[in-house]
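[1] One predicted model, sequence on top.
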Amino acid sequence: MLHKTIGRILKVGVLLSTWGLIFTVLLQIFCRFTPLDTPTWTEEASRLFFIYAMSFGAGLAMKNEYYVHLDMFFSNFPVKLQRLLVKVIPVIVLFLFAIMAIYSIQFVLLGIPEKSPSMGFNMGVAFFSMFIMSASISYYLWKKIQKNYKNSK
């Protein structure tokens, strides 16, 4: 149940962020070809939508294993080393992203008093994308480690 809910939240986040990005960029394009002035907030909004789309999508990419693999390089290793790397690399990456998740919370708290230049919201909102990315990647790495452990028995 939790697994499906997290996946759905990430999918909705990617869709909303992507549609927001498309809308703001189309608004910028439309205003450039008309006598209307381009709203000042559109540049910052499109940047924020892009950042959030990548943050939500990073966990889904880990879930579905859409990241680049160096199979040609990896397949030249001995089989024992390959098995070891399949188990060790996700643990190391999980450790790094867990650290990032912890420190991103501090980063969000530091950004709360700061204000965005053109939109006026607190920068903790923008920095929260780092927590979403690191937490979702950590979650799906943990699931992958559990799966690898069950398969090795």
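    Perfect, thanks for sending it. Predicted model, so just to flag it, every value in this text is computed and none were measured. Numbering: from 1, shown residues only.
[2] pLDDT weak spots in this protein?
    153 (pLDDT under 70).
[3] Closest to the centroid, which residue in it?
    Closest residue to the average C-alpha location of the chain: residue 55 at 2.2 Å, with Cα atoms, centre = their mean.
[4] which residues sit in contact with that residue?
    Residues in contact with residue 55 (Cβ atoms under 8 Å, 6 or more residues apart in numbering) are 13, 129, 130, 132, 133, 136. In this view, the C-beta of every residue, glycine as well, is placed from N, C-alpha and C.
[5] how deep is the third one tucked in, by neighbour count?
    Under the neighbour criterion other Cβ atoms under 10 Å, residue 130 is assigned a count of 19.
[6] did I read that right, it in a strand?
    No - applying DSSP: H, G, I helix; E, B strand; the rest coil, one finds residue 130 to be helix, outside a strand.
[7] What are the neighbouring residues in contact with it?
    Taking Cβ under 8 Å, 6+ apart as the test, what residue 130 contacts is 55, 100, 104, 107, 108.
[8] and these, which are buried?
    Among those, those classed as buried by neighbour count (16 or more other Cβ atoms under 10 Å) are 55, 100, 104, 108.
[9] Could you point out the longest helix of the protein?
    Ranked by residue count, the top helix of the chain under DSSP state H comes out as helix 79-111.
[10] Tell me the helices and strands packed up against that helix.
    helix 124-152 (3 or more Cβ pairs under 8 Å, 6 or more residues apart in numbering; DSSP states H and E).
[11] how about 10 Å then?
    Contacts defined by 3 or more Cβ pairs under 10 Å, 6 or more residues apart in numbering; DSSP states H and E place helix 79-111 against helix 41-63, helix 71-74, helix 124-152.
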